[in-house]
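J.: fold the stuff below for me.
(one chain, ligands or ions: 1)
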Amino acid sequence: MYKLIKKISDMEFGMDYYQRERQVILQLSEDITRIHKKADLMALLSLRIKSYFYYVHAIVTLIDETENVYRPFILDPTSSPLRDHPEYPTLIKTGFDLDEPFIQQVLAADGPVSFLLEEVISHPKSPSFLRVNYACGIKEILMTPLKSNGRTVAFLHVYADNKDSFTPAFRSLIKGIAPQISHAVSNVIRNELIVQKEENNKILLDASYDLSGVRNREDLAMAVRQSLKRLKALKGYVICTINDDRLTTSTYIYDNITMPENEDLSEMLDFQYLINDGLQDRVLASPIPIFINIDSEIDRGITANYICFWKSMGFRKMIGVALRNGNTDLGILWIGIDDINLTLLKGICLQISIAMANIMANDALVKKQEQQQLLLNFCDDIAGVRTKADLRVAIFNVFDKLLNTKLAMLNLLEDDGLTLRHYMWDESLFHHVKDSFEERLNARLDIHENYTVRVLNSNDAIILNVEEELKRDPGNPYAQLWKEVGFKYTYATALRVGNTDIGTLWVLSDAINREFIKGICSQISVACANIRANERILAYKRILETENELLKEQMKTIYNFEEIIGRGDAMQKVYGLMSMVAESNSTVLLTGETGTGKELIARAIHNASSRKNKVMVKVNCAALPANLIESELFGHEKGAFTGALEKRIGKFEMANNGTLFLDEIGEMPLDAQVKLLRVLQEKELERIGGTTTIKVNVRIIAATNRNLATEVAEGRFRSDLFYRLNVFPIHLPPLRDRRSDIALLAQFFLDRYSKNTGKNVKVLSARVIKELNGYSWPGNVRELEHVIERSVLMTTDSVIRDVYLPVKSDDAVNETNVSNRTLEQVERAHIIDTLKRCAGKLAGPGGAAEYLDVPSTTLHSKLKKLGIKKSDYFAE
Ligand SMILES: Nc1ncnc2c1ncn2[C@@H]1O[C@H](COP(=O)(O)OP(=O)(O)OP(=O)(O)O)[C@@H](O)[C@H]1O
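T.: Residues are numbered from 1 along each chain as shown. Model (predicted):
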């Protein structure tokens, strides 16, 4: 073909001319049919045909029937005089109207048709490229319709810079090769489509490869970014997911490479957006991606902060695509991008949806497993629950592990079946709304309260949307409180064991997991029922104990009166004082060494008083731990302190209208002394944890073996209390100061114990009486009583001939011997001696430990260490 360099226009007409023309057309046609690429077609127009005829440039435009326009398809930028024209970039992208007269003339022509530009550019509807060509020096245009199957599909434009450039020979050539050019255009288009398809397939394949391997959100974020980048320069993307409430969305992943961490972004990540915001709902409802102009949306009134965030990121246009897995909406992909291949985007979104659904399913599975484990642990915890405190620990433990879910209230149905008591709650929820919460706490809660009715009437739990509840009933104090606390939902359920309602449970949450909480609630129900049963048993036990104590007190009162032995002056003096004070209500202070009969005298005074038909209640102030003394004296309300499971009546109340015997008053801790003094002064008390004052009419008899005046002087006893107790002091003489009573008392105890043991022991020998009189009796009457008791037990005769007295005081360790003994021997002898003097009493008041000034446990271990046996101190 290149052999035919000679221009056809130069050829002469004649047989030879037509033959040559046919040859040229045939050759060109043959070559054109092999064209598949744009570049080859371009070369044909800009080089090949030009080698036969002169023209400036030639292009092909393609008809787009859907838009009824034709657009540039093959250009000739090397020879085009338009390439530097400012309108050139726009022209090559423009679609020119097919309905205007210029192109209509072309369409109507059967072959090439030429126009002088100066004649057509003036027409207002003429396409703009004519005017621009003219401006660039083009004078004439030859337009040839390119047809396929009888329909014009494209146009060949040939431009010349002289009038009458298009000779009949050129026109004839163009007309001859027009079908082949048309064919080549089709081939190019088909080829381009194939190439494009291959590229698209590669993009989809790559995306599929990237996305199919992801196992978690982080990987998904990277893979999505990678896949979207293959489509076009990507500015950023966000995928939001639809929350369990199906009403809101939250950010799931985002392009953390192009979108920098800042406050706006953090806010967007934390926020939950209503789906029905006029934008998200539009995207989710659309089967195809939706293009969004951010400014227009803002003008339209879409104010969600995510759109403002994108704007701040510099995005002007966005594309929103619904991500779906089957029929389930998963979320929305937002891409900051101007233009995109929608088919490809849809393909990639499909892959993203599958990957996202897999990750979400996996996350849900892991979460479910975690929750099952949590539930199992909770079951274990609950199984060990015995008290309210245990239950509280178990419940708080499990709620701590549930994000955004808190125990608002656990109410238990009272025995009346009509009211509920607030049993347990999470105080931390109500710190900032203390007043409203306390108001609710103090309000009587009965089963007819609106929400309680709903809960108790429902077989299943109910979930309340706090906002909606407030809208429905703005004045409802519970809805107001929930709102103030700041959670979105309230989950409420009845606690039941079998078919019996035992209470209600209220949980506040932002994301309720119904199944999980249901599991927890059934466990709580059983635990509450067990604890209540336990508490009831404890309460009954307590009542029985109290009744038992009262009965014991009464028994003591009945059996002990008038059993006082003693005829000597010292005791006569005591009797005189007793008869003076007995009938009054005056406080009596009994002093005297241990075992001198203080309690005996106290009972005698009580029995001789007008209160004798009421009880005398005894409190041993030395035997009570300091922290319990108050509750023992004044009682407590239920729940006043840890362990106060039930209300308890104090000894003061118990002794109302009777007598309270405060034994060992000298041992009372100072802070309890203050409280005792207040009650003595005001004659009224408050139970611990109580709010009401209780009037009491109690006569006080106090006793001590200490010298209270010295105790006051040394700061161990309050002087004001001392003066209040020391109204009528009676001092009981030690036995060594009333030796005349020893024989009497000994006989009295002999009679008592021989009767008790069923022995017929009647008399004490003269030697025994002498021995008893000669002993110093550091343990006083109690010591004498024990000596006789022991002697009765050990005697086989009717006469007691031997008494087992401790070593006499004047038998003290021989000084000369001491110096010859080891330290251990001295210690052993001293302990034995002391034990003898205390009649073998080890611990407690008057016991050897007290005299030796060591704790009784220490004394025990010393006995063991030194090998001291009972026979060592009882034998002599
Ligand atoms: N005068 C008495 N007549 C008969 N029994 C007496 C007499 N004095 C004391 N007792 C008896 O001695 C024992 C000790 O008496 P009581 O408990 O009253 O003494 P106390 O001074 O209260 O002792 P403590 O200071 O150790 O509490 C009791 O069994 C009591 O019955």
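
J.: alongside the ligand, which residues does the stretch 651-800 of the chain contribute?
T.: Contact residues, the stretch 651-800 of the chain versus the ligand (CB under 6 Å from any ligand atom): Asp663, Ala703, Asn705, Val781, Arg782, Glu785. To be clear about C-beta, it is placed using only N, CA and C from the backbone, and glycine gets the same treatment.

J.: dump the residue contacts of the first one.
T.: Neighbouring residues of Asp663 by CB atoms under 8 Å, 6 or more residues apart in numbering: Lys598, Glu599, Ala602, Lys618, Val619, Asn620, Cys621, Ala622, Ala702, Ala703.

J.: hmm, 7 Å instead?
T.: Contact analysis of Asp663 by CB atoms under 7 Å, 6 or more residues apart in numbering lists Glu599, Lys618, Val619, Asn620, Cys621, Ala703.

J.: cool, and the fifth one?
T.: Shown here is Arg782, whose contacts under the criterion CB under 7 Å, 6+ apart are Gly595.

J.: that one and Tyr491, how far apart?
T.: As judged by CB to CB, to the nearest Å, Arg782 and Tyr491 stand 67 Å apart.

J.: quick one on the thing from earlier: let's have the residues of the stretch 651-800 of the chain next to the ligand in CSV, adding secondary structure, distance to Ser148 and pLDDT.
T.: Conversion of those to CSV gives the following (DSSP: H, G, I helix; E, B strand; the rest coil; distance: CB to CB, whole Å; pLDDT from 0 to 100):
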residue, secondary structure, distance to Ser148, pLDDT
Asp663, strand, 124, 94
Ala703, strand, 128, 97
Asn705, coil, 130, 93
Val781, helix, 138, 95
Arg782, helix, 133, 93
Glu785, helix, 136, 94
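
J.: out of the residues you listed, which comes closest to Ser46?
T.: Asp663 (127.0 Å; CB to CB).

J.: SS state for the residue nearest the centre of the chain?
T.: Nearest to the mean C-alpha position of the chain, counting by CA atoms, centre = their mean, stands Asp400 at 3.7 Å. Assigned with DSSP: H, G, I helix; E, B strand; the rest coil, Asp400 falls in the helix class.

J.: start at 403, not 1
T.: Sure, I'll start numbering at 403, so the last one becomes Asp802.

J.: tell me how far it lies from the ligand.
T.: From Asp802 across to the ligand, the span is 53 Å (CB to the nearest ligand atom, to the nearest Å).

J.: most residues in a single helix of the chain, which one?
T.: Taking DSSP state H as the criterion, the chain has its longest helix at helix 916-962.

J.: near the ligand, anything from that helix?
T.: No. Helix 916-962 stays out of contact with the ligand when judged by CB under 6 Å from any ligand atom, the minimum separation being 7.0 Å.

J.: could you give the separation of stretch 800-807 from the chain centroid?
T.: 3 Å (CA atoms, centre = their mean, to the nearest Å).

J.: now do the contacts for whichever residue of the stretch 703-852 of the chain sits closest to the ligand.
T.: Distance from the ligand to each residue of the stretch 703-852 of the chain (CB to the nearest ligand atom) is smallest for Thr789, at 36.8 Å. The neighbours of Thr789, taking CB under 7 Å, 6+ apart as the test, are Ile933.

J.: closest one to His559 out of the residues of the stretch 1053-1202 of the chain next to the ligand, please.
T.: Nearest to His559 among these is Asp1065, at 126.7 Å by CB to CB.

J.: so what pairs up with that closest one in the strands?
T.: With DSSP bridges as the criterion, Asp1065 is bridged to Asn1022.

J.: now it: how far from Ile754?
T.: From Asp1065 to Ile754 the distance is 85 Å (CB to CB).

J.: and what of Asn1182?
T.: Asn1182 is 97 Å from Ile754, by CB to CB.

J.: check Phe1063 too.
T.: Distance of Phe1063 to Ile754, given as CB to CB: 86 Å.

J.: now for Ser830, how many residues are close by?
T.: Look at Ser830: counted by other CB atoms under 10 Å, it has 9 neighbours.

J.: partner residues bridging the closest residue to it other than its chain neighbours?
T.: Once flanking residues are discounted, Ser830 sits nearest to Lys808: 7.8 Å by CB to CB, 6 or more residues apart in numbering. Lys808 has these beta-bridge partners by DSSP bridges: Leu910.

J.: for the residue in the stretch 853-1002 of the chain that the ligand sits nearest to, give me its contacts.
T.: At 2.5 Å from the ligand, Gly999 is the closest residue in the stretch 853-1002 of the chain, using CB to the nearest ligand atom. Applying CB under 7 Å, 6+ apart, we find Gly999 in contact with Ile966, Leu1134, Val1183.

J.: run the last query once more with 6 Å
T.: Contacts for Gly999 (CB atoms under 6 Å, 6 or more residues apart in numbering) come out as Leu1134, Val1183.

J.: phi first, then psi, for it.
T.: Backbone geometry at Gly999, expressed as degrees, to the nearest 10, gives phi 110, psi 30.

J.: let me know the pLDDT of the residue nearest to Ser830.
T.: Per-residue confidence (pLDDT) for Lys808: 89.
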